[in-house]
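In: Build me a structure from this.
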Amino acid sequence: MLLFISLAGILAALILAVYGIKYFKGNIYLALFFLFNSIYSLTSYGVYFSPGYTLGALLNSHLMPVLYLPGPFLYLYIRSVFSNNYRLKVIDSAHLLPFVILFIGIVPYLFVDFDVKINLIKYIREDISYMLTQTNSIIPQRVNLLSRPVLIMAYLIAALNIVLKNNSQKKRDLSNSVLNSSKIFQWISLLLYTSLVLFFFLALFSILALFSDNPNRVIEQSSWMIGVVIFCYFIMNISIFFIPDLLYGMSNLFPKANRNPLSATNQANDDVFQASLESKLNLFTEEYLSSLDGKIEICIKDKLFLNPDFDMDFLSNYTKIPVHHISYYFNHVINIKFVDWRNNFRIIEATNLMNAGAAASYTLDAIGRTCGFTNKGTFISSFKKYTGKTPGEFFKTLELNPCIEK
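Out: Predicted coordinates:
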């Protein structure tokens, strides 16, 4: 279980690094957080739970310096999101100080015979007190094991403070654009609170085990803590896969300009302002939006919406646009559900056919099927939604109007 969770976190980190930074460079901090946090859990798996001893020997102590990095990188991500500025300051180099100190201290251990490292893992599994075996030439092992979760918690509290300050503001303007997406804001809050619970129990477990006369007994009595920690890792590493706007780099942290071709509202000023904002944040480029607009326009011109099988998968296969991009495009760019967009064009086609006299030669049900509706009830309800009349009522208005060409 812990191995699967750790690998899921590493996968999320890779996807964020590949896709996310194309649209918001601050996503690299989130990718590094998931990477180092997953190494943290993978190290625990290797030392305590892996079938053999090799993985534990490879990860234990060798990667100890990077276990201090999840906190700083999550803090930098939260700061970059709420400030709309991913750039580092000179003072930010101080965040790497614990890592540098630990790395220098671990250098001698890197050259220790591997058999010695294998034996250390064997001893640890037999008696947890062997975790105090000194492998760092600078920092005492007891201090090292305890300071990691405590330091990360300090960063999490600092990051949470940023979130709470922004959330308390009554005026939610574009300068704090993350607040315009409750979905992502809720995910960030979930991530922070889950991380706090996780590292709180890691710190508590470390205190109980490291300062006890019988650490093995502490472990036996604290199995529920280990369960909580694993559950928190699961929530953190899996939840991001349900936020494709983050995972694939398409941030909806700010409202999009109105690109809905069905809207009659003049949004010229908003478009200019929004384009400037998008360019500044480098999130969802105008070039990519224009490419999507062009491909969607071709689908409209070719009347693909008349195909009964026309759905987002169909559109994705035709345009070679990933389904999650299409979903984002409709929900956050043109601000309309795909089904509503499709049905609107189908109803426009139906009214055009009826205006051209098709209703005199075909049944209304046949017109609905011609326009892509496979269900008569859906055709009637959609027709009334967009015209204010049922197909039968609309046809009667045509019969009463002699100017209509039939």
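In: tell me, how many neighbours does residue 156 end up with?
Out: Other residues near residue 156 number 25, with proximity taken as other C-beta atoms under 10 Å. Backbone N, C-alpha and C define where each C-beta goes, glycine included.
In: name the helices or strands packed onto the host helix or strand of it?
Out: For residue 156, the host element (DSSP states H and E) is helix 141-167. Here helix 141-167 is seen to pack against helix 70-83, helix 97-110, helix 182-210 when contacts are counted using 3 or more C-beta pairs under 8 Å, 6 or more residues apart in numbering; DSSP states H and E.
In: Could you say which of the ones you listed is packed most deeply?
Out: helix 70-83 (a mean of 23; mean count of other C-beta atoms under 10 Å).
In: gap between residue 379 and residue 369?
Out: Relative to residue 369, residue 379 is positioned 8 Å away (criterion: C-beta to C-beta, to the nearest Å).
In: Looking at those two, which is more packed in?
Out: Applying other C-beta under 10 Å to residue 379 and residue 369 shows that residue 379 carries more neighbours, namely 24 against 17.
In: Skipping its backbone neighbours, what lies nearest residue 365 in space?
Out: residue 376 (5.3 Å; C-beta to C-beta, 6 or more residues apart in numbering).
In: ok, now residue 17?
Out: Residue 17's closest residue in space is residue 31 (C-beta to C-beta, 6+ apart), at 4.3 Å.
In: before we move on, what about residue 379?
Out: residue 368 (3.4 Å).
In: Let me know the pLDDT of the one you found.
Out: Looking at residue 368, its pLDDT reads 91.
In: host element of it?
Out: Per DSSP H and E: helix 364-370 holds residue 368.
In: Quick one: residues contacting residue 161.
Out: If a contact means C-beta atoms under 8 Å, 6 or more residues apart in numbering, then residue 161 has no contacts.
In: ugh, wrong one, I meant residue 64
Out: Residue 64 neighbours (C-beta under 8 Å, 6+ apart): 102, 106, 135, 136, 144.
In: ok, it to residue 122 distance?
Out: As judged by C-beta to C-beta, residue 64 and residue 122 stand 19 Å apart.
In: Hmm, residue 302 and residue 345 touching each other?
Out: No. At 11.5 Å, residue 345 does not count as touching residue 302 under the criterion of C-beta atoms under 8 Å.
In: From the neighbour counts alone, determine which of the two ranks first.
Out: The neighbour comparison of residue 345 against residue 302 (other C-beta under 10 Å) goes to residue 345, with 21 against 11.
In: so what's that one up against?
Out: 300, 303, 305 are the contacts of residue 345 under C-beta under 8 Å, 6+ apart.
In: switch the cut-off to 6 Å
Out: When contacts are counted by C-beta atoms under 6 Å, 6 or more residues apart in numbering, residue 345 touches residue 305.
In: Just the C-alphas of the helix or strand hosting it, formatted as PDB.
Out: Here residue 345 sits within helix 338-355, counting by DSSP H and E. Output of helix 338-355 as PDB, limited to C-alpha atoms (Å, rounded to 0.1, in the frame of the first residue of the first chain):
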ATOM      1  CA  PHE A 338     -20.300  20.600 -23.500                       C
ATOM      2  CA  VAL A 339     -23.800  19.000 -23.600                       C
ATOM      3  CA  ASP A 340     -25.500  22.400 -23.600                       C
ATOM      4  CA  TRP A 341     -23.100  23.700 -26.300                       C
ATOM      5  CA  ARG A 342     -23.700  20.700 -28.500                       C
ATOM      6  CA  ASN A 343     -27.500  20.700 -28.100                       C
ATOM      7  CA  ASN A 344     -27.700  24.400 -28.800                       C
ATOM      8  CA  PHE A 345     -26.200  23.900 -32.300                       C
ATOM      9  CA  ARG A 346     -28.400  20.900 -32.800                       C
ATOM     10  CA  ILE A 347     -31.500  23.000 -32.100                       C
ATOM     11  CA  ILE A 348     -30.200  25.800 -34.400                       C
ATOM     12  CA  GLU A 349     -30.000  23.200 -37.100                       C
ATOM     13  CA  ALA A 350     -33.500  21.900 -36.300                       C
ATOM     14  CA  THR A 351     -35.000  25.400 -36.500                       C
ATOM     15  CA  ASN A 352     -33.200  26.000 -39.800                       C
ATOM     16  CA  LEU A 353     -34.700  22.800 -41.200                       C
ATOM     17  CA  MET A 354     -38.200  23.700 -40.000                       C
ATOM     18  CA  ASN A 355     -37.900  27.200 -41.400                       C
END
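In: Which positions in it come out as buried?
Out: Within helix 338-355, the residues that count as buried by 16 or more other C-beta atoms under 10 Å are 338, 341-347, 349-351, 353-354.
In: Residue 296: which of those residues is nearest?
Out: Distance ranking of those against residue 296, using C-beta to C-beta, places residue 341 first at 9.1 Å.
In: Skip the chain neighbours and tell me the closest residue to the closest one.
Out: residue 330 (6.2 Å).
In: just residue 326 next, same as before
Out: Nearest one to residue 326, counting by C-beta to C-beta, 6+ apart, is residue 312 at 5.1 Å.
In: ditto for residue 140
Out: Nearest to residue 140 is residue 134, by C-beta to C-beta, 6+ apart, at 7.2 Å.
In: swap in residue 120?
Out: residue 133 (6.0 Å).
In: Do you know the pLDDT at that neighbour?
Out: 82.
In: Pull the number of nearby residues for residue 147.
Out: 17.
In: if we can go back for a sec, number of nearby residues for the residue nearest to residue 379?
Out: Neighbours of residue 368 (other C-beta under 10 Å): 24.
In: correct me, but it touches residue 378?
Out: No. Between residue 368 and residue 378 there is no contact under C-beta atoms under 6 Å: 8.2 Å.
In: I'd say residue 240 and residue 12 touch.
Out: Yes. Taking C-beta under 6 Å as the definition, residue 240 is a contact partner of residue 12 at 5.0 Å.
In: Same drill for those two, tell me which one is more crowded.
Out: Neighbour comparison, residue 240 and residue 12: the larger count goes to residue 12, with 25 against 21 (by other C-beta under 10 Å).
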